[in-house]
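> turn this into a structure:
(one chain, ligands or ions: 3)
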Amino acid sequence: MLHIGCHLSNAKGFEAMGKTALSIGADTFQFFTRNPRGSQAKDIDPQDAKLLCELMATYHFAPIIAHAPYTLNPASADNKTRDFALQTFADDLKRMEYVPGNLYNFHPGSHVGQGVDTGIQLITDTLNKILEPHQHTTVLLETMSGKGSEIGRTFDELKRILDGVKLNRLMGVCLDTCHISDAGYSIARLDDTLTEFDKQIGLKNLKAIHLNDSLNPQGAHKDRHAKIGEGTLGTKLLENVINHPALKHLPFCLETPNELDGYAAEIKLLRSLYKE
Ligand code: FE
Ligand code: FE
Ligand code: ZN
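Numbers count the residues shown, from 1 in each chain. Ligands and ions are numbered 1, 2, ... in the order given. So this is what the prediction gives:
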């Protein structure tokens, strides 16, 4: 069974996202916990959260992914910016306890000229302050394309963050196919790339896949997503990704430039290409 979904708007709450996912043939989805500027999130409606949990159980959903605002930077040189990231992460994780057993994904951050070592230290410091031993959410670092001074463009950088986190049993990695191609890893030579991932991070720590085509060639460090089959990766390589024995059990989430009907068509296509 292929577990696949796409990024959805959270404007109408939790249960509405579950119903939208069902309507497009999805059994997982991703949403932003709040708007990208990271402003105040709406109050959680516990009943709405409960209804989503029931829907997910009834329809055998794979874990869903809450995505932190991508403007947060726990590796900033500015105290206030770092603290804002920390407070927002902590608040999001508190909210995620209403939908226990799911995933919270964030972009590790940008070192903004301070250097990778300092950036990694600042990110691990933040994680060591926000993770709670009894939380029910797995926190994921996303693999990044390496635009600007982004940290997480190599598996080694992600490994170093995880190594510095005391409660890293509560963490994992979300692999974005557009981002790793942009970062310089080959999707055409998927086995080699996954062998490298396994050596550095361990495939057991891979918890979700962002399935995107890329507008740019391998190593471009641009981070521009394309629709499935309309980028430099192409449908065949992405078919290999969903069918790879090390990946095929994971939740796949589309972040392609689509409206709902476009997502529905991509989900249908990918389900037809999946080998049980
Ligand atoms: Fe992301
Ligand atoms: Fe992504
Ligand atoms: Zn991206």
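
> average pLDDT for stretch 152-167, rounded please.
Across stretch 152-167, pLDDT averages out at 98.

> pull out the buried positions in that stretch.
152, 153, 154, 155, 157, 158, 159, 160, 161, 162, 165 (16 or more other CB atoms under 10 Å). For every residue, glycine as well, the C-beta is placed using N, CA and C.

> would CSV of the residues you listed with distance to ligand 2 and secondary structure be doable?
Formatted as CSV, the buried residues of stretch 152-167 follow (distance: CB to the ion, whole Å; DSSP: H, G, I helix; E, B strand; the rest coil):
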residue, distance to ligand 2, secondary structure
152, 11, coil
153, 13, coil
154, 16, coil
155, 16, helix
157, 16, helix
158, 14, helix
159, 19, helix
160, 20, helix
161, 17, helix
162, 18, helix
165, 21, coil
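
> could you identify the most distant pair in these?
Greatest spatial distance among the buried residues of stretch 152-167 (CB to CB): 153 and 165, at 18.9 Å.

> can you pull the contacts of residue 20?
Counting by CB atoms under 8 Å, 6 or more residues apart in numbering, residue 20 makes contact with 8, 29, 260.

> wait, isn't the second one in contact with residue 5?
Yes - the pair residue 29 / residue 5 is scored as a contact, 4.0 Å apart, by CB atoms under 8 Å.

> up against ligand 2, what does the protein have?
176, 210, 255 (CB under 5 Å from the ion).

> list the residues that contact the closest residue to residue 86 other than its chain neighbours.
Nearest residue to residue 86 in three dimensions, chain neighbours excluded: residue 126, at 5.1 Å (CB to CB, 6 or more residues apart in numbering). Contact analysis of residue 126 by CB under 8 Å, 6+ apart lists 74, 82, 85, 86, 89.

> then residue 233?
177, 178, 181, 187, 213, 214, 226.

> what separates it from ligand 2, distance-wise?
From residue 233 across to ligand 2, the span is 14 Å (CB to the ion, to the nearest Å).

> may I have the phi/psi pair for that residue?
phi -80, psi -50 (degrees, to the nearest 10).

> per-residue confidence for it?
At residue 233, pLDDT is 98.

> nearest residue to it in space, please, no chain neighbours.
Spatial nearest neighbour of residue 233, chain neighbours left out: residue 213 (4.9 Å); criterion: CB to CB, 6+ apart.

> ok, the contacts of residue 233 vs ligand 2, which is closest?
Closest to ligand 2 out of the contacts of residue 233 is residue 178 (7.0 Å), distances taken as CB to the ion.

> confidence score at the closest one?
Confidence at residue 178, expressed as pLDDT, is 98.

> if we can go back for a sec, just checking, next helix/strand downstream of the helix or strand containing the residue nearest to residue 86?
Counting by DSSP states H and E, the element that carries residue 126 is helix 116-130. Remark: after helix 116-130, the chain's next helix or strand is strand 138-142, criterion DSSP H and E.

> helices along the stretch 1-150 of the chain, start to end?
14-23, 46-58, 79-96, 116-130 (DSSP state H, counting those that start in this stretch).

> can I get these in a markdown table with mean pLDDT?
Shown next, in a markdown table, are these (pLDDT from 0 to 100):
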| stretch | mean pLDDT |
| --- | --- |
| helix 14-23 | 98 |
| helix 46-58 | 98 |
| helix 79-96 | 97 |
| helix 116-130 | 98 |
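
> ok, now how distant is residue 89 from ligand 2?
Distance from residue 89 to ligand 2, by CB to the ion: 17 Å.

> how near is the closest residue in space to residue 33 that isn't next to it in sequence to ligand 2?
In space, and not counting its chain neighbours, residue 33 is closest to residue 92: 4.6 Å by CB to CB, 6+ apart. Counting by CB to the ion, the gap between residue 92 and ligand 2 amounts to 17 Å.

> likewise residue 56?
21 Å.
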